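Visitor: give me a model of this one.
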Amino acid sequence: MQIPYELALGWRYTRAGRATRRNGFISFISGVSMLGIALGVAALIIVLSVMNGFQKEVRDRMLSVVSHIEIFAPQGAALPDPARTLAEAKQNPNVVGAAPFVAAQALLARGEDMKGALVRGIDPALEGAVTDLAATNEQVLQQLVPGEFRVVLGGELARSLGVRAGDAVTLIAPAGQVTPAGVVPRLKQMTVAGTFDSGHYEYDSALVLLHHEDAQRIFRLEGPTGVRLKLKDLHQAREVAQQLAGSLSGQLLIRDWTQQNRTWFAAVQLEKRMMFIILTLIVAVAAFNLVSTLVMTVTDKRADIAILRTLGASPKSIMGIFVVQGAMVGVIGTAVGLLLGLGVAFNIDVIVPAIERALNASFLPKDIYLISKMPSEPQSSDILPIGVISLVLAFVATLYPSWRASRVNPAEALRYE
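Guide: Numbers count the residues shown, from 1 in each chain. Sure, this is the predicted structure:
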């Protein structure tokens, strides 16, 4: 099969100048444009992969404490029929675990120290089916026996109160008892059974776990306030929540994990979008360097263009030659950038420690950051748009110089040859 001469000449012009001094500078500029595109594409892939990695790490630590979906009664009241709600929720094929819970807010006191706390009453036998935290702290949670009023505290909360396993703390419920002397807050002395560390400061500094029957007695509830669910696929939480809203009996509220941390996820997505735009400008600058490269090439090849025109080449064919030349630079630069970016993104757990050892430095000190290793998660939803945008920018950059080449007058170009 015969290759179109536009493609053959475009590829020849792309390689031109490597062995001749006359066109060496043009070839150098072309190489710089190709390198700029490759570095821009690689930087985009690496940065977005690292951001995806950090988002996944934080999300996983968050979901070790938070369930995928919560079903609860309005105004913090007890569920009218917890058993029926559990049974109906488990009928959904996407639900793999369910457990009742009691959610309330209170104060936790130790001597003169007092901290606000998010109290969660759980069933230790079922909690492991809905959260990873319960599965990894099973021995500690098994000490939550109904009637003994024991609590498990977040590590940061325990450290701020200066307590450890076996110490006594006082739980103060917000609703008090009405007595002849006035409203007296309800106090209950609890024994610390242990602590947990989820890696998420918000929960480690405020969460208090106790048996749901003890929580019902303290807060004077007739039963659990809600049901927590775990799904096969956490990304389907919103769709499953909508399905449950139409299948559950009673006036119940449903909230998935994306709604519980909507502000944080929105901030991360906005940051990713802005980083994508900023780094895309680097690719755009490199791509539009092709304009100067092709303009110089057109000026240098005026005689060649004139000869081709006299031999019968159409302006469209002349334009196609230089479009191919610029597109080749864009394709090669994008391909090299993809290989370089993916190579670094998939091996960042090896590259970063090697750089830290070489520089004798630590980019993520363990005593400062919760995540001490550089995470990375390349996603096709990021990589494909990067490649397409790079190729489109390179193609657009070739249009004006190629159009100028097609407008060259053969008689004028050959006047001084």
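
Visitor: and the strands in the protein?
Guide: For the chain, the strands defined by DSSP state E occupy 69-72, 95-110, 113-122, 150-154, 168-179, 182-196, 207-211, 226-231, 253-256.

Visitor: distance to A306 and mean pLDDT for those strands - can I get that in a markdown table?
Guide: Any C-beta I mention is one placed from the backbone N, CA and C, and that applies to glycine too. Compiled in a markdown table, the strands of the chain are given as follows (distance: least, Cβ to Cβ, whole Å; pLDDT from 0 to 100):
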| stretch | distance to A306 | mean pLDDT |
| --- | --- | --- |
| strand 69-72 | 72 | 88 |
| strand 95-110 | 73 | 89 |
| strand 113-122 | 79 | 88 |
| strand 150-154 | 79 | 90 |
| strand 168-179 | 89 | 77 |
| strand 182-196 | 79 | 81 |
| strand 207-211 | 79 | 91 |
| strand 226-231 | 69 | 90 |
| strand 253-256 | 68 | 87 |
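
Visitor: what's the closest of those strands to L338?
Guide: L338 sits nearest to strand 226-231 of all the strands of the chain, at 33.8 Å, using Cβ to Cβ.

Visitor: for the closest one, name the packing helices and strands.
Guide: strand 69-72, helix 82-90, strand 95-110, helix 237-247 (3 or more Cβ pairs under 8 Å, 6 or more residues apart in numbering; DSSP states H and E).

Visitor: quick one: strands adjacent to that strand?
Guide: Here strand 226-231 is paired, per DSSP bridges, with strand 69-72 (antiparallel), strand 95-110 (antiparallel).

Visitor: residues making contact with the first one?
Guide: What that stands for is strand 69-72. 79, 85, 89, 101, 103, 225-229, 231, 237, 240-241, 244, 248, 252-257, 260 (Cβ atoms under 8 Å, 6 or more residues apart in numbering).

Visitor: could you rerun that using 7 Å?
Guide: By Cβ atoms under 7 Å, 6 or more residues apart in numbering, the surrounding residues in contact with strand 69-72 are 85, 89, 103, 225-229, 231, 237, 240-241, 244, 248, 252-256.

Visitor: A405: which of the helices and strands packed on strand 226-231 is closest?
Guide: helix 237-247 (52.9 Å).

Visitor: circling back: any chance of the strands paired with strand 226-231 in CSV, with mean neighbour count and distance to A135 too?
Guide: Output for the strands paired with strand 226-231, formatted as CSV (neighbours: other Cβ atoms under 10 Å; distance: least, Cβ to Cβ, whole Å):
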stretch, mean neighbour count, distance to A135
strand 69-72, 25, 18
strand 95-110, 20, 10
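
Visitor: need the ones you listed in JSON lines (columns: distance to S314).
Guide: Conversion of the strands paired with strand 226-231 to JSON lines gives the following (distance: least, Cβ to Cβ, whole Å):
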{"stretch": "strand 69-72", "distance to S314": "64"}
{"stretch": "strand 95-110", "distance to S314": "65"}
